[in-house]
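>>> Sharing a sequence plus its predicted fold:
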Amino acid sequence: MKHLFPLAFIILIIGCKGQNSESMKHPYTNALVNETSPYLLQHAHNPVDWNAWNETTLEKAKTENKLILISVGYAACHWCHVMEHESFEDSIVAQVMNKSFINIKVDREERPDVDQVYMNAVQLMTGSGGWPLNVIALPDGRPVWGGTYFKKEQWMDALEQISKLYADNPEKLQDYADKLEEGIKSLDVVQLNTDEPVFDKPFIQNAIKSWSKQFDKNQGGMNKAPKFMMPNNYHFLLRYAYQNNDTELLDFVNLTLKKMAYGGVFDQIGGGFSRYSVDAKWHIPHFEKMLYDNGQLVSLYTDAYLITKNEIYKDIVIETLKYIKQEMTTSNGAFYSSLDADSDTSEGELEEGAFYVWTKNELNTLLKEDFELFSDYYNINNYGFWEHDNYVLIRKDDDDSIIKKHNLTKTILVEKKEAWKVLLLKERNQRAKPRLDDKTLTSWNAIMLKGYTDAYRVFGNDDYLAIAEKNANFIVNNQLREDGGLYHNYKNGKSSINGYLEDYAATIDAFITLYENTLDEKWLTTAKGLANYTFDHFFDSASNMFFFTSNEDASLVSRSIEYRDNVIPASNSIMAKNLFKLSHYFDNEHFSATAMTMLNNIKPEMQEYPSGYSNWFDLMLNYAQPYYEVAIVGANVKQKIDELNKTYIPNKLIAGSTSENNMPLLENRYNPNNTLIYVCVNKACKLPVSKVKDAIKFLKQ
C-alpha cells in the first residue's frame with residue numbers, strides 16, 4: 001500500500017540509546033487482571049499500566065489530556081511475545097509508557113473493529129501492517145503514529161520523541177490526525193454502482209487468466225513466500241475449474257492441496273494446519289494453529305475429495321477433525337480459538353515451534369529399525385532440515401513411490417505410519433504444550449461448525465454431525481440474545497462483546513448448511529432472523545452494503561465496511577451469498593436485490609486483484625451459470641439427500657420435507673405415495689423424478 005501520509009515531522013527510529021535496565025522481576029499487576037482474554041491476561045503482570053479498551057479508559061485519556069498508546073495482538077502471535085519480553089516486561093520502558101501515555105492492550109480477535117481502524121491507519125502511514133500493531137493516538141482516539149514490532153531501543157526513542165512533540169508542539173499532531181482521519185474514512189467507502197448488473201463468465205475467465213500469472217506451478221499456491229493457505233481462493237478455483245472442465249486449473253488446485261497436505265504446514269503427527277509457511281515449499285510453518293484456518297480447510301479438502309476421491313484429502317479431513325475434537329473443543333460443544341506458535345524448550349525457554357520439531361538423534365532412538373524408512377518418508381535429510389539440528393516433517397513422494405522403493409505392501413506402510421504417529425505423539429505430549437487461547441468466538445465457531453457439517457455431508461460420519469449440532473446449539477443457547485442479536489465472544493460462562501457482522505455472516509452461512517443436511521427448519525428460520533437483524537443494525541442504505549459494527553456500538557474513528565476477502569472471506573461477501581440463498585428459500589425479493597447490488601458494487605474492483613475477491617467471484621458464478629433449487633419431498637427425503645450429496649454440485653441449494661410444507665420451494669409438492677425430486681432454475685422446474693440419478697442429469701446439463 002502506498003504511503004499516503006509520511007510523518008516527516010516525527011524523527012522515527014533513530015540511533016539506539018542502549019538501556020541498562022533489567023527485565024521485570026517483580027509481581028506487578030495491572031487492570032488486565034480482570035479480563036478474560038488469554039492475550040490480555042498474558043500482559044496482566046507487566047509493569048506497564050495496561051488497560052482494556054473500554055469507555056472508562058478512553059474517557060480517562062480525555063480527562064487527563066494524555067496520548068493513548070494502543071498495542072494490538074493476539075495470544076498465538078510469536079512477535080507479540082517477543083516485544084512483550086523485550087519491552088513490556090522492562091521496568092524502565094514501563095516508566096516511560098506510564099508517565100506519558102494511557103496504555104491500552106487490545107486482543108484483535110476480541111475487538112476486530114478496533115484492530116481494523118488502527119491497522120488501516122498504520123498501512124496508510126507505513127505501507128504495511130502486521131502484529132503486534134502499535135499505535136499512538138490523541139486523547140480523542142485519532143491515530144498519529146504507528147508501526148508493528150519494534151526493538152526496545154527503537155520503541156523507547158519513538159515514545160520519547162512523540163511525547164516531547166505532544167508537549168511542545170501539539171498542533172502538529174492535531175493537523176496530522178485530521179489528514180489521517182480523512183484517509184482512514186476513505187479506505188473502506190463503497191459507492192453504489194448504478195450500472196446495470198452484468199455477471200458473465202468471460203469477466204470471471206479474464207480475472208482468472210490474470211490471477212494465474214502468480215501461480216507457483218511447481219509447489220502450488222502463489223509464487224512467493226511466505227505462503228498462506230487462503231482456502232477460499234482454492235475453493236472458488238476448484239469450483240470454477242470443475243464446472244467449466246478447466247483441467248489445467250484443476251491440476252493446479254490439486255497440486256496446491258497435495259503440497260499443503262505433504263508440507264510441514266500440516267502437522268504430520270497430530271493433525272491440523274498451522275497458519276502459513278515461511279518458505280515456498282510449505283515446509284516451515286509459522287507454528288500457530290488457528291481455528292478459522294482449519295475449519296475452512298476441512299470444507300475445502302472435503303469438496304476436493306468429492307471430486308477426486310483422493311484418499312490423501314480424506315485423511316487430511318479425518319486427522320484435522322480429530323485434532324479439533326481432542327485439542328480445541330470444550331465440554332459444552334464450543335471451540336477454542338488457537339494454539340500458540342511458542343512453547344517451552346526442555347531448558348524452559350519459550351521458543352517458536354519447540355513442541356513440533358525433532359532432532360535426528362531423537363527420531364533414531366524412538367524409531368529404531370524403522371528410522372531409515374521413516375527418514376525417507378518424512379525427509380529427515382537436507383530437504384526436511386530446518387535449523388539448530390531440528391527437522392520439520394515434510395513429505396515429497398507419494399505412498400506408491402515409497403512402497404515401490406522399499407518393496408512394501410500398502411497395508412504394511414499404512415500400519416507403520418499409524419504406529420509412527422502413535423509413538424511420536426505420545427513422546428511429543430510429554431513436552432511442554434503450546435499455550436491455548438481458550439476464548440470462544442462466534443464467527444470462528446460457525447466456520448468450524450460448517451467444516452464439520454461439510455465433512456458429514458461427504459463422509460457420512462454421524463459423529464461429525466453430532467459435533468456440528470452441539471456447536472450450533474451452543475451458539476443459540478449462549479450467543480444468541482433475546483433481542484435477536486449475537487455476542488461475539490464467550491469464556492467462563494460469560495459473553496460480553498456485541499457481535500460484529502462477521503459473527504452474523506458466518507453463523508447464517510453455517511446454519512443454512514446445517515439445514516441442508518438435517519432439514520431441521522429451526523436452523524433456516526434462525527438464519528433468516530439473523531439476516532433481518534443485520535438489516536436493522538448493520539445496513540448502510542447509501543451503498544446497500546453492511547457496516548462491520550452495529551449501530552448500537554460506540555463509535556470509532558471510522559465505521560468501516562469490510563468487503564475485501566482475506567484469509568477469511570469478507571463479512572460482506574459471506575453476507576451477500578447468504579442473502580442470495582435465503583432469497584431462494586423464502587422467495588424474498590429484498591434479499592435477492594440486495595445480494596445483486598452488493599456484488600455489482602464490488603465488481604469494478606474485482607479484476608484488479610482477483611485473489612482478494614474470490615468469495616465474490618464464487619457468488620458471481622451463481623449468476624453467470626445456472627443455479628439450481630433442489631426440492632425433495634416425501635418419506636425417503638433424507639436417503640435421497642445423502643445419495644445426492646455423493647456428487648459434487650456446488651451450484652445448488654437443497655430444501656426438503658417428509659410431509660406437507662408451506663415453504664415456497666416445498667409448497668403443494670408432497671405426495672404420500674412417493675418421494676419426489678424437483679429441480680428448478682429461475683422458478684422454472686423440470687418434471688419431478690423419483691431417482692437421484694435422474695435429478696443429477698438435470699443438474700449436470
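In hand now; what should we look at?
>>> mind listing the strands for the stretch 1-150 of the chain?
Ranges of strands within the stretch 1-150 of the chain are 50-52, 67-73, 101-107, 133-137, 143-147, based on DSSP state E, counting those that start in this stretch.
>>> What would the last one look like as CSV? C-alpha coordinates only.
Provided in CSV are the C-alpha atoms of strand 143-147 (Å, rounded to 0.1, in the frame of the first residue of the first chain):
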residue,chain,number,x,y,z
PRO,A,143,-4.0,8.0,15.4
VAL,A,144,-0.9,10.0,14.8
TRP,A,145,1.9,7.4,14.7
GLY,A,146,2.2,3.6,14.4
GLY,A,147,4.0,0.5,13.3
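>>> Adjacent strands (with direction) for it?
Next to strand 143-147 in the sheet, as set by DSSP bridges, lie strand 133-137 (antiparallel).
>>> Can I get the strand it pairs with in PDB? Just the C-alpha atoms.
What follows is strand 133-137 as a C-alpha-only set of coordinates in PDB (Å, rounded to 0.1, in the frame of the first residue of the first chain):
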ATOM      1  CA  LEU A 133       0.300  -3.500  16.000                       C
ATOM      2  CA  ASN A 134       1.400  -0.400  18.000                       C
ATOM      3  CA  VAL A 135      -0.300   2.900  17.600                       C
ATOM      4  CA  ILE A 136      -0.200   6.300  19.400                       C
ATOM      5  CA  ALA A 137      -3.300   8.300  19.200                       C
END
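>>> how far off strand 101-107 does that strand point, in degrees?
Relative orientation of strand 133-137 versus strand 101-107 (axes from the mean of the first three to the mean of the last three C-alpha atoms, to 10 degrees): 140 degrees.
>>> how far does strand 133-137 sit from the chain's center?
Relative to the chain's own centre, strand 133-137 is displaced by 24 Å; criterion: C-alpha atoms, centre = their mean, to the nearest Å.
>>> so where's this structure uncertain?
1-27 (pLDDT under 70).
>>> domains for it, by residue range?
31-187, 230-323+336-437, 626-701 (automatic domain parsing).
>>> can you tell me the distance between the two ends of the longest one?
In terms of C-alpha to C-alpha, to the nearest Å, the two terminal residues of domain 230-323+336-437 are separated by 22 Å.
>>> cool, and the shortest one?
Using C-alpha to C-alpha, the span of domain 626-701 from its first residue to its last is 9 Å.
>>> can you check stretch 620-640 too?
End-to-end for stretch 620-640, by C-alpha to C-alpha: 28 Å.
>>> quick one: buried residues of that stretch?
If you call a residue buried by 16 or more other C-beta atoms under 10 Å, then stretch 620-640 has these buried ones: 620-624, 627-634, 637, 640. From N, CA and C alone the C-beta is placed, and that goes for glycine too.
>>> same question, stretch 157-166
Across stretch 157-166, burial judged by 16+ other C-beta under 10 Å covers 157-159, 161-163, 165-166.
>>> Centre of the chain to it, how far?
36 Å.
>>> And Lys309, how far from Asp303?
12 Å (C-beta to C-beta, to the nearest Å).
>>> I meant Pro231, not that one.
In terms of C-beta to C-beta, Pro231 sits 10 Å off from Asp303.
>>> sorry, back to before: quick check, nearest of the buried residues of stretch 157-166 to Ser274?
Top of the list for closeness to Ser274, among the buried residues of stretch 157-166 and by C-beta to C-beta, is Ala158 at 31.8 Å.
>>> any idea which element that closest one lies in?
In this structure, Ala158 sits in helix 152-168 according to DSSP states H and E.
>>> counting contacts, what elements does that helix pack onto?
strand 67-73, helix 91-100, strand 133-137, strand 143-147, helix 170-187 (3 or more C-beta pairs under 8 Å, 6 or more residues apart in numbering; DSSP states H and E).
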